[in-house]
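**Q** Show me how the following folds:
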Amino acid sequence: MSEYTVLPLLNSAFKPGTAVEVVERFEDSDFRNIARAELFYFSGRAKECCEIVESYLEDEAIELRLSACILYGYSNLSLGNSAAVRRGLEGIQECMKLVKREGASKEVQAVCVLTGYAGAVLLHLPTERIPSLEGYCGMLPEGLRLFAVYVMAHQMYLNGEYWSAYGMCKAALLMTNDVYPISMIYIRCMMAMCRINRKDMQESQSEFMKGWNLAKMDNFIEPFIEHHGLLRGLVEACIRKNDPDGYRKITDGVLFFSRGWMVIHNNETKKKVTNELSTMEFSIAMLAGEGWTNKEISAHLGISVNTVKHYLTDIFSKLNVKKRDELKNYMLK
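**A** Residues are numbered from 1 along each chain as shown. Alright, predicted model coming up:
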């Protein structure tokens, strides 16, 4: 593992629970700063992340600059600063143009393409102008390659190819010997998302808990904040009662991240969802909008059918809708 790459902490293999020590072992002070910013970001400390990376947004070292741009963009989602989010995404595009113009090595091109894809796919933005990530995966170091698998699987997921996305993630884990906690948490979230879309409740909870047990050792809550809606109630089903402190940290972050998301997508109708629904109501609305019955929602979330009905009554009132079919127009895709 080399520290001289994009997102050096994400690319690092380490024992869960030792992330702080790993960061402090980076020899290069600039890459150590970026790794520290990653630590802040993945543990839900967006403001502290931004304070570090802002000074690297125009750095001459492309790896530092790319890292800063994506961390700056995503941190500012939670901070509700849409102009800063766009600045981060535009910075990635500028890096890609610079690398192409200067004829950089394939390895540098690969990290550019990965960062570009991550910036677009995870925000559900188009990727037509970015070279195919698949063709560059072999030139990435192993930790980043795992994350690239997650990004490609996420794109498959958005296209409705749930089983292909699941299989890609499972194969990647089977072929990896070391533990790359951050990339593996994202992959487990994706596998859980694919399973829950097939209503494989037991399997989806198993995948979720593998990711959560890996994440909580270092307080890496951000992946669960980012994927809360797409996890379709798994956060509530798995940790609301068993880990109330972890659940509170996630739900606190979900509110701000979702509002930032809506600002970027500029959808006035959906803003009402993030402003008025609690995270539990949001999850129930997602499931109901996907055609889940009250009984299925009850079994999945571990609450009574009557409780589900009460939640739906409140959801309908807050969103001013009269039937379940209308919920789909409001919910995140």
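**Q** Need the pLDDT of the nearest residue to Gly291 once chain neighbours are set aside.
**A** In space, not counting the residues next to it along the chain, Gly291 is nearest to Arg324; the distance is 7.9 Å by Cβ to Cβ, 6 or more residues apart in numbering. The way it works is simple: take the backbone N, C-alpha and C, and place the C-beta from them, glycine included. Per-residue pLDDT puts Arg324 at 83.
**Q** cool, the one 3 residues further on as well?
**A** Leu327 carries a pLDDT value of 81.
**Q** Could you do Glu268 as well?
**A** The per-residue pLDDT reported for Glu268 equals 48.
**Q** now Val273
**A** Looking at Val273, its pLDDT reads 59.
**Q** my guess is the residue nearest to Gly291 contacts Ala288, does it?
**A** Yes - taking Cβ atoms under 8 Å as the definition, Arg324 is a contact partner of Ala288 at 5.0 Å.
**Q** Between these two, which has more neighbouring residues?
**A** In this comparison of Arg324 against Ala288, neighbours counted by other Cβ atoms under 10 Å, the higher total goes to Ala288 at 24 against 19.
**Q** Does the more buried one lie in a helix or a strand, and which?
**A** Ala288 is part of helix 279-289, with elements assigned from DSSP states H and E.
**Q** After that helix, which helix or strand is next?
**A** Along the chain past helix 279-289, the next helix or strand (assigned with DSSP H and E) turns out to be helix 294-301.
**Q** between that next one and helix 279-289, how many degrees?
**A** Calculated by axes from the mean of the first three to the mean of the last three Cα atoms, to 10 degrees, helix 294-301 forms an angle of 140 degrees with helix 279-289.
**Q** Which of the residues in helix 294-301 are classified as buried?
**A** Asn294, Glu296, Ile297, Ser298, His300, Leu301 (16 or more other Cβ atoms under 10 Å).
**Q** can I assume Ala68 is in contact with Glu51?
**A** No - taking contacts as Cβ under 8 Å, Ala68 lies outside contact range of Glu51: 11.6 Å.
**Q** So for these two, which sits in the more crowded spot?
**A** Set side by side, Ala68 and Glu51 show unequal neighbour counts under other Cβ under 10 Å, the larger going to Ala68 at 28 against 13.
**Q** gap between that one and Gln109?
**A** Between Ala68 and Gln109 the computed distance is 19 Å (Cβ to Cβ, to the nearest Å).
**Q** Could you give the separation of the helix holding Ala288 from the chain centroid?
**A** Going by Cα atoms, centre = their mean, to the nearest Å, the spacing between the C-alpha centre of helix 279-289 and its chain's C-alpha centre is 19 Å.
**Q** Which secondary structure state does Cys169 sit in?
**A** Classification of Cys169 by DSSP: H, G, I helix; E, B strand; the rest coil places it in helix.
**Q** What is the neighbour count of it?
**A** When counting by other Cβ under 10 Å, one arrives at 28 neighbours for Cys169.
**Q** Which pLDDT does the model give the nearest residue to Lys328 once chain neighbours are set aside?
**A** Take Lys328 and drop its neighbours on the chain: the residue closest to it by Cβ to Cβ, 6+ apart is Gly289, 4.3 Å away. Reported pLDDT at Gly289 in the predicted model: 87.
**Q** thought Gly289 was touching Val321?
**A** No - taking Cβ under 8 Å as the contact criterion, Gly289 and Val321 are not neighbours in contact, 9.9 Å apart.
**Q** who's more crowded, those two?
**A** Here Gly289 and Val321 are set side by side on neighbour count (other Cβ under 10 Å), and the busier one is Gly289, at 19 against 16.
**Q** I'd like the distance between the more buried one and Tyr157.
**A** Separation of Gly289 from Tyr157 (Cβ to Cβ): 17 Å.
**Q** Over to Leu174?
**A** Counting by Cβ to Cβ, the gap between Leu174 and Tyr157 amounts to 19 Å.
**Q** What of Leu230?
**A** From Leu230 across to Tyr157, the span is 8 Å (Cβ to Cβ).
**Q** any shared contact partners between these two?
**A** Counting by Cβ atoms under 8 Å, 6 or more residues apart in numbering, the contacts common to Leu230 and Tyr157 are Met193.
**Q** How about the contacts made by Glu226?
**A** Leu122, Phe257.
**Q** how about a cut-off of 10 Å?
**A** Under the criterion of Cβ atoms under 10 Å, 6 or more residues apart in numbering, the contact list for Glu226 reads Tyr74, Leu77, Ser78, Leu122, Leu123, Tyr186, Cys189, Gly253, Val254, Phe257, Ser258, Trp261.
**Q** Tell me which stretches of this structure form strands.
**A** Listed in chain order, the chain contains no strands at all (DSSP state E).
**Q** need the contact list for the nearest residue to Val6 once chain neighbours are set aside.
**A** With Cβ to Cβ, 6+ apart as the criterion, Val6 has its nearest non-adjacent residue at 4.3 Å, and that residue is Val111. For Val111, the contact set (Cβ under 10 Å, 6+ apart) comprises 5-7, 11, 62-63, 66-67, 95, 99, 104, 136, 139-141, 144, 148.
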